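S.K.: here is my input, please return the structure:
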Amino acid sequence: MLKYIYVLCTLILLIGCANIEKNLKVSLGQEFTLQVGQIAQVDKEGFEIKFEKVLEDSRCPKGVTCIWAGQVRCELSIKDNESTTGLELTESGLTDSPSLTTKNKFKIYYHVQPYPEAGQEIAPDKYRIILKVEQN
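M.R.: Numbers count the residues shown, from 1 in each chain. Here you go, the predicted structure:
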């Protein structure tokens, strides 16, 4: 019986920790990282950003000679008090610099990691997107 109580307590603790990590609170100008399914609430701006999924990753792997640098496309959703809208971000391969897009009155800097390596597939849960949101 004690064993079952221990297992139950451990599960409750893990579920609680998962919820804490799922949502981040960030400020404008702060760099933050999201994994697929994770949400960042932008403090004082009244909206949140969720990393929905990677749509495509055709970036040329490190150590390989390619005709095309490729690209990675990610889907995010932005939810405010009124609605939820999708945002597709595309980043070229063979770049270490953050890419930039604008949405309404905001600049969004982003960079997708990890970068592909020859012969290694990236599992969907291993992708991270590094973001920074600033006033335009």
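
S.K.: pLDDT of stretch 65-83, averaged?
M.R.: What stretch 65-83 shows for mean pLDDT is 94.

S.K.: name the residues that touch stretch 52-70?
M.R.: Contacts to stretch 52-70, defined as Cβ atoms under 8 Å, 6 or more residues apart in numbering, come from residues 36-37, 71-77, 86, 88, 92-95, 112, 115-120, 122, 124, 127. Every residue, glycine included, has its C-beta placed from N, CA and C.

S.K.: where does the protein dip in pLDDT?
M.R.: Applying pLDDT under 70 to the chain flags the ranges 1-21.

S.K.: one step back: can you tell me which of the contacts of stretch 52-70 are buried?
M.R.: 36, 71-72, 74, 76, 93, 112, 115-116, 122, 127 (16 or more other Cβ atoms under 10 Å).

S.K.: in strands, which of these fall?
M.R.: Counting by DSSP state E, the part of the buried ones among the contacts of stretch 52-70 found in strands is 71-72, 74, 76, 112.

S.K.: and those residues, which two are furthest apart?
M.R.: Gln71 and Leu76 (15.7 Å; Cβ to Cβ).

S.K.: so which residues make contact with stretch 97-108?
M.R.: So stretch 97-108 is contacted by 78, 87, 89-92, 109-111, 130-136 (Cβ under 8 Å, 6+ apart).
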